[in-house]
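Q: Have a look; sequence and predicted model below, questions after that.
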Amino acid sequence: MAEPLIEVADLHAYYAESHVLQGVNLRIEAGEAVGLLGRNGMGKTTLIRATLRLMRATTGRVTIRGRDCSGERPDRVARLGIGYVPEGRGVFPNLSVRENLLMAARPGLRGQLDWTLDRVLQTFPRLSERLDHGGNQLSGGEQQMLAIGRALMTNPDLIVLDEATEGLAPKIVREIWNIVAGIRATGIASLVVDRNYRAVLAHTDRCVVIERGRVALEGKSRELAADEAQLQSYLGV
Ligand SMILES: Nc1ncnc2c1ncn2[C@@H]1O[C@H](COP(=O)(O)OP(=O)(O)O)[C@@H](O)[C@H]1O
Ligand SMILES: [Mg+2]
């Protein structure tokens, strides 16, 4: 079997005295769409940040494409084919849409150049109308699209979406999910966090539920969707 893209083993993470991740295991295979569910404050964002080495106060092992990244610098990890769309988007406000996209551009790890400026603009027609606008002149939905577009410009093998639909109007939310489905169809793996667990289930192969810093439940999305009462007991909805 091919190597997993990401393998996290017994990951612990701390904010000062607070022990936020308490021994998490997580595996993402090439091309796999994985959902990360859990109530607010349970450690989803921390798990992403610890995996991408964006926080230092961790123990455990993070392996990316077979390479031990436990002590790796975050900029190195980012170059291992992972496009990260953080909570809160992280677009550069003083750069134009075009600049935001072009500065992210690079070939993927296998040299693939599937995602170009043209293709991103075809995927996000709204952005093509705003090419010369500053990041700070965009609506929330446009900023989110720009953040996803930036991640795609790196020609990733895995895209990580943390609350990509948060605070957006229903019509834009639908557009974002359509884009997520389109990305999945191209074979790019994904790790998706979203409050709307039904949408996450519908757009992933497998889901992991985090509760107080541990994996409380995991399974195939289709099977989890068949027992919503169980899922709701973890998500408190
Ligand atoms: N920068 C931080 N400093 C201190 N505590 C934090 C910080 N970020 C998150 N936390 C705490 O860590 C826990 C997990 O947070 P987080 O990973 O953001 O949860 P989620 O993404 O599941 O909502 C929460 O209790 C939160 O208050
Ligand atoms: Mg979060």
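A: Received, thanks. None of these values were measured; they are calculated from a predicted model. Ligands and ions are numbered 1, 2, ... in the order given.
Q: in this protein, what residue is nearest ligand 2?
A: For the chain, the residue closest to ligand 2 is residue 45, as judged by Cβ to the ion, at 3.2 Å. (Each C-beta comes from the backbone N, C-alpha and C, glycine too.)
Q: Give the full set of residues in contact with residue 153.
A: For residue 153, the contacting residues are 101, 102, 104, 105, 106, 115, 116, 117, 120, by Cβ atoms under 8 Å, 6 or more residues apart in numbering.
Q: Neighbour-wise, give me the winner out of those.
A: The residue in the contacts of residue 153 with the most neighbours, by other Cβ atoms under 10 Å, is residue 115 (26 neighbours).
Q: check which helix or strand covers that residue.
A: Using DSSP states H and E, residue 115 sits in no helix or strand.
Q: residues contacting it?
A: Contact analysis of residue 115 by Cβ under 8 Å, 6+ apart lists 152, 153, 154, 155.
Q: Show me what the most centrally placed residue in the chain is bridged to.
A: The centre of the chain sits closest to residue 160, judged by Cα atoms, centre = their mean, with a distance of 1.5 Å. Residue 160 has these beta-bridge partners by DSSP bridges: residue 84, residue 191.
Q: right, and it touches residue 183 too?
A: No - counting by Cβ atoms under 8 Å, residue 183 is not a contact partner of residue 160; they are 11.6 Å apart.
Q: Now for these two: what residues contact both?
A: Contacts common to residue 160 and residue 183, judged by Cβ under 8 Å, 6+ apart, are residue 190.
Q: From what I see, residue 70 and residue 64 are in contact.
A: No - contact criterion Cβ under 8 Å: residue 70 and residue 64 do not qualify, at 10.0 Å.
Q: Mind checking which of those two has more residues around it?
A: Shown here are residue 70 and residue 64; by other Cβ under 10 Å, residue 64 has more neighbours (24 against 14).
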